[in-house]
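# Quick one: sequence plus predicted model below, questions after.
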Amino acid sequence: MITRKIFNDTETAFKLKSNEELNRALYLFEMINRPDLVKIGIFLTRMSLKFRLPVEGLIKSTVFNQFAGGESMEDCLPIIEKMYAKKLHSVLDYSVEGKEEEAEFDAATKMKISIIEFAAKNKELPFSVFKPTGIGRFAIWEKVTSKVTLTKEEEEEWQRVQQRVEDICEAAYQNDIAVMADGEETWMQEAADDLIIKMMKKYNREKAIVFMTLQCYRWDRLEYLKELHETGEKEGFKIGVKIVRGAYFEQENLRAKKMNYPSPICENKEATDVSFNWVLTYCLAHIDAISVFIGSHNEMSNYLALQIMEDKNIDIDDPRVWFGQLYGMSDHISFNMAKMNYNTAKLVPFGPVRDVVPYLMRRAEENTSVKGQTGRELCLLQEERKRRKGEITKANRENEYSSKKKASREKSPSQMRTPTREKVE
């Protein structure tokens, strides 16, 4: 029975952080815990970058260092190796977003393939990841999803997008590195899902190499998964899913309201939690057919997964079950699970500071929108700082006691009593 609160061990969680890094994280999460300040900061950052003001140094020393591993794969290696020494794996993510040009999409595809090849040579990196809109315009994904007729130029563009996805999945298959396609907004997601399922049918015959993302704040994802499972059973391919709660809550509801259609998103956080936990339970109940990457910062969902694994006698290191959190967040979950030998990984973003800013802004916004997330991070960081101060105080007291004890044993000759002479008869 999973009863021990393993996520309360702050010493394990922050073992790799120096006192300076711990204090920096505390300061940053204190800022993120103030939504109005985050909104102002995001606005000023975007304006500063737009007008090319010299703010990259400030960004790098704050949010970038907290949520990104570096500007290149090589920059990330020291962090990757340190985490792996604590049994924690990494997933490298070239987190450059918002591009529009074909040459930029081709370059991003080459980068994704180079990351896959890099991962194949490094045991610390069991997965790779790509964002569909990182290799093709959002508008083309949206048009294919809405099933409108494409122009000749758009048809050619869509063919190039499909080829990029296939090239990435082929590289993953050849290098035996699983690849996860990120989830995005619902009004472009169907085209991405259909294409990823096509890749699953081709590459997931023996095991899951290609993974799709299920954003469980969508109330229809459990039924979608059941239908996908049924298709996989009929057509003889394995299912790979990364399950997350979701990242576009406000955009989804605003668009649904503006365009007057029912929101595809659960009505509140509680309903989202139920949706996520049902999808999680279904995956683990059908582990022979479905490999799952559980991307969650929610302690209760992770405890639920551990309990189900125990109840169903699923080995803690079963290669079909992985847990993952974002770099810079929820270290109390990641490091404590890795310590217990569960398959656990940190998603480590990297890229040029200026290009990674959209990703960093989303991280900051998500932390303010998830109820209790930032408060929990702050509480744990404060507990660890208090623990370390207590250790220093205890060590000082022990040293003081040892010094006094040693001094009492080492009295000077003048202080020592002269021995009595023996009486000579």
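Nice, I can see it.
# Mind checking the pLDDT average for stretch 16-30?
When pLDDT is averaged along stretch 16-30, the result is 92.
# oh, I was asking about stretch 163-177
Per-region confidence: stretch 163-177 scores 98 on mean pLDDT.
# can you offset everything so residue one is 30?
Fine by me, first position is 30 from now on; the one you just mentioned is stretch 192-206.
# Give me the buried positions along stretch 361-374.
Along stretch 361-374, these residues count as buried under the neighbour rule (16 or more other Cβ atoms under 10 Å): 361-368, 371-374. The C-beta positions use only the backbone N, C-alpha and C, and glycine is treated the same way.
# what helix or strand does residue 323 sit in?
Taking DSSP states H and E as the criterion, residue 323 maps to strand 319-324.
# what sits up against stretch 258-265?
For stretch 258-265, the surrounding residues in contact (Cβ atoms under 8 Å, 6 or more residues apart in numbering) are 226, 229-230, 234, 267-268, 311, 315, 318-319.
# Stretch 203-210 now?
Residues from elsewhere that reach stretch 203-210 (Cβ under 8 Å, 6+ apart): 120, 145-146, 148-149, 154-161, 194, 197-198, 201, 221, 225, 237-242, 269, 271, 320, 322.
# Tell me which of those residues fall in strands.
Counted as lying in strands by DSSP state E, out of these, are 120, 156-159, 239-242, 269, 271, 320, 322.
# Would you check which pair of those residues lies furthest apart?
The largest distance within those, taken as Cβ to Cβ, falls between 159 and 320 and amounts to 17.7 Å.
# follow-up on the earlier one: dump the strand holding residue 323 to CSV, keeping only the CA atoms.
Included here for strand 319-324 are C-alpha records, laid out as CSV according to Å, rounded to 0.1, in the frame of the first residue of the first chain:
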residue,chain,number,x,y,z
ILE,A,319,-0.7,1.0,-24.2
SER,A,320,2.7,2.5,-23.2
VAL,A,321,2.2,5.7,-21.2
PHE,A,322,4.3,8.7,-20.3
ILE,A,323,2.6,10.3,-17.3
GLY,A,324,3.4,14.0,-17.5
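# partner strands of it, parallel or antiparallel?
Strands adjacent to strand 319-324 in the sheet, as given by DSSP bridges, are strand 268-273 (parallel), strand 350-355 (parallel).
# Quick check: residue 291 touching residue 285?
Yes: in this structure, residue 291 sits in contact with residue 285. The criterion is Cβ atoms under 8 Å, and the distance is 6.7 Å.
# out of these two, which sits in the more crowded spot?
Here residue 291 and residue 285 are compared on neighbour count by other Cβ atoms under 10 Å; more neighbours surround residue 285, at 16 against 7.
# could you say which helix or strand contains that one?
Residue 285 belongs to helix 278-288, assigned by DSSP H and E.
# Averaged pLDDT, that helix. What do you get?
The average pLDDT for helix 278-288 rounds to 93.
# Pull out the buried positions in it.
Neighbour counts over helix 278-288 (16+ other Cβ under 10 Å) mark 278, 281, 284-285 as buried.
# got it, and stretch 72-83?
By neighbour count, with 16+ other Cβ under 10 Å as the criterion, the buried positions of stretch 72-83 are 74, 77-78.
# Which helix or strand in this protein has the lowest average pLDDT?
The weakest-scoring helix or strand in the chain, judged by mean pLDDT, DSSP states H and E, is helix 382-398 (a mean of 75).
# Need the pLDDT of residue 425.
If you check residue 425, the pLDDT there is 78.
# same question, the one 4 residues further on
Among the per-residue scores, residue 429 holds a pLDDT of 72.
# Would you state the helices of the stretch 280-429 of the chain in chain order?
With DSSP state H, counting those that start in this stretch, the ranges of helices along the stretch 280-429 of the chain come out as 298-314, 328-340, 360-368, 382-398, 402-438.
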